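let me see the structure of the following:
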Amino acid sequence: MMLMKVDDMQDFALDAFRFRISSRLFVFGLLVVVLCFITTQPAMSNSRLKDLVNVEGVRENQLVGYGLVVGLNGTGDTLRNAPFTQQSLQAMLERLGVNTRDARNIKTDNIAAVIVTADLPAFARQGNRIDIQVSTMGDAKDLRGGVLMVTPLLGADGEVYAVAQGPIAVAGFAASGSAASITRGVPTAGRIANGAIVEREVPFTFASMDEVHLSLKNPDFTTAHRIANAINNAVPGNVAQMIDPSTVLMRRPAGYEKSLLTMVTSIEHLMVTPDYPAKVVIDDRSGIIVMGANVRVSTVAIAQGNLTIRISETPMVSQPSPFSDQGETVVVPRTDIEVDTDDQNRLAIVQDSVTLQDLVDGLNALGVGPRDMISILQAIKAAGALQAEIEVM
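Numbers count the residues shown, from 1 in each chain. Sure thing, here's the model as predicted:
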């Protein structure tokens with residue numbers, strides 16, 4: 001057993017304490033570096049592949065039909081103003097065995113002619129039910145309480161793909177009296193949930209295909225390239241190829257035992273970071289401005305101000321003194337004119353390559369409203385200092 005002196009023991013304890021402190025400082029510093037690295041990384045907005053593309057053949061088809069709504073409480077079409085409603089009513093009654101051709105005056109306001117629209121989902125099978133929308137064609141005032149009669153729904157090829165019928169649900173309402181009326185929502189349009197039955201299927205054999213096109217919802221070269229790389233990293237065999245900014249071709253690789261449908265199912269949850277060009281969207285009618293994060297502005301000076309002239313009329317009444325035999329009461333005009341030249345507005349400089357936040361802060365600091373901001377953005381674009389595309393809606 002080796003004995004240590006008191007001084008040696010004190011030195012050993014001090015060295016151990018220093019080692020523990022230095023180790024903790026090292027770990028703390030390492031954590032700080034890692035946290036700084038994490039917090040300084042740019043925020044990436046990833047999206048699922050199924051939210052960025054449409055698969056070839058997987059699409060809806062629009063259906064349309066003409067029908068009659070019955071059971072309205074005096075809010076239907078006026079037959080003298082809507083002859084098509086009267087003709088449709090007579091044709092429907094004849095199919096039901098009632099002859100009304102010899103009737104000269106048919107008076108009823110409980111029926112309305114309507115247009116029925118629906119979207120036939122992809123791979124809809126016979127017997128499935130779909131939602132439909134009903135809208136009036138004539139001068140009917142309200143569809144509440146109405147029932148849609150059997151209405152065939154046609155596709156673009158003229159074939160019947162569904163048949164609609166049922167009570168209509170209307171969100172709006174209308175009420176009127178002798179001196180006032182009120183309308184909320186749109187009482188002349190309604191909806192029937194599961195109101196149509198699919199009678200014909202759209203033929204499409206997706207499982208037997210060997211290749212499929214993925215159509216980008218927002219065409220872009222970079223996004224299409226990233227989608228192709230993400231698919232090739234997930235499925236071996238270099239199966240995806242970018243054809244153009246809006247299309248990625250995906251083939252089933254040789255020796256792949258599963259169908260192309262299974263392959264699409266396996267890749268639709270891949271995460272891809274979409275890219276988009278710098279764009280400024282302007283709606284001049286409502287004063288709405290939407291700017292993308294990639295919008296950049298070169299060095300430019302901006303001044304905003306308008307000449308405002310305010311004219312106010314405050315006429316005064318001039319009348320003679322009391323108990324005076326002469327004079328009369330007259331109105332004396334008095335006009336006040338005020339001119340505001342916006343002398344306090346100064347020229348502001350926007351520095352080179354500012355971000356979207358800097359641009360918005362600078363325009364807000366000038367007290368610029370949406371209407372004036374639209375003109376300023378268009379002027380910056382005309383000066384060549386705005387690195388973005390302006391789209392006016």
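
strands of the stretch 51-200 of the chain, start to end?
Here the stretch 51-200 of the chain has its strands, by DSSP state E, counting those that start in this stretch, at 53-55, 61-70, 111-120, 129-136, 147-154, 160-167, 173-176, 181-184, 189-198.

so for residue 315, which of those strands sits nearest?
Shortest distance between residue 315 and the strands of the stretch 51-200 of the chain, using C-beta to C-beta, is found for strand 181-184: 39.7 Å. Backbone N, C-alpha and C define where each C-beta goes, glycine included.

pLDDT wise, what is residue 231 at?
Turning to residue 231, the model gives it a pLDDT of 91.

which phi and psi values does it adopt?
Taking degrees, to the nearest 10, you get phi -70, psi -40 for the backbone angles of residue 231.

just list the residues touching it, thanks.
49, 239, 240, 248, 250, 267, 270 (C-beta atoms under 8 Å, 6 or more residues apart in numbering).

by mean pLDDT, show me the worst of the strands of the stretch 51-200 of the chain.
strand 173-176 (a mean of 71).

report the buried residues of it.
residue 174 (16 or more other C-beta atoms under 10 Å).

what residues does it touch?
75, 141, 142, 144, 181, 182, 183, 184, 185, 187.

CA atoms of it as CSV?
Taking Å, rounded to 0.1, in the frame of the first residue of the first chain, the C-alpha atoms of strand 173-176 are listed here in CSV:
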residue,chain,number,x,y,z
PHE,A,173,-83.2,32.6,-47.0
ALA,A,174,-85.3,35.5,-48.2
ALA,A,175,-88.2,37.3,-46.5
SER,A,176,-90.2,40.4,-47.7
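
report the buried members of the contacts of strand 173-176.
Here, 16+ other C-beta under 10 Å leaves 75, 141, 142, 144, 187 buried among these.

re the thing from before, any idea which of the contacts of strand 173-176 is closest to residue 57?
The nearest one, if we look at these relative to residue 57 and count by C-beta to C-beta, is residue 185, at 37.4 Å.

distance check, the closest one against residue 193.
17 Å (C-beta to C-beta, to the nearest Å).

picking that back up, just the contacts of residue 231: which are in helices?
Using DSSP state H, the members of the contacts of residue 231 that fall in helices are residue 267.

farthest-apart pair in the contacts of residue 231, please.
49 and 239 (13.6 Å).

phi, psi for residue 370 please.
phi -60, psi -40.

and the nearest residue to it once chain neighbours are set aside, how many neighbours?
Nearest residue to residue 370, sequence neighbours excluded (C-beta to C-beta, 6 or more residues apart in numbering): residue 287, at 3.9 Å. Residue 287: 13 surrounding residues under other C-beta atoms under 10 Å.

residue 287 touches residue 371, doesn't it?
Yes - using C-beta atoms under 8 Å, residue 287 makes contact with residue 371 at a distance of 5.5 Å.

now do the strands in the stretch 201-350 of the chain.
211-216, 240-244, 247-251, 271-272, 279-283, 288-291, 296-297, 300-302, 308-313, 316-318, 330-332, 335-340, 348-350.

related to what we said a few turns ago, which of the contacts of strand 173-176 lies closest to residue 96?
Using C-beta to C-beta, the contacts of strand 173-176 come closest to residue 96 at residue 75, 23.5 Å.

could you list the low-pLDDT ranges of the stretch 1-150 of the chain?
1-45, 102-104 (pLDDT under 70).

list the contacts of the residue nearest the centre of the chain.
Nearest to the geometric centre of the chain sits residue 290, at 12.3 Å (C-alpha atoms, centre = their mean). By C-beta under 8 Å, 6+ apart, residue 290 lies in contact with 280, 281.

is it in a bridge, and if so with what?
residue 281 (DSSP bridges).

quick one: which of the contacts of residue 231 is most hemmed in?
residue 248 (26 neighbours).
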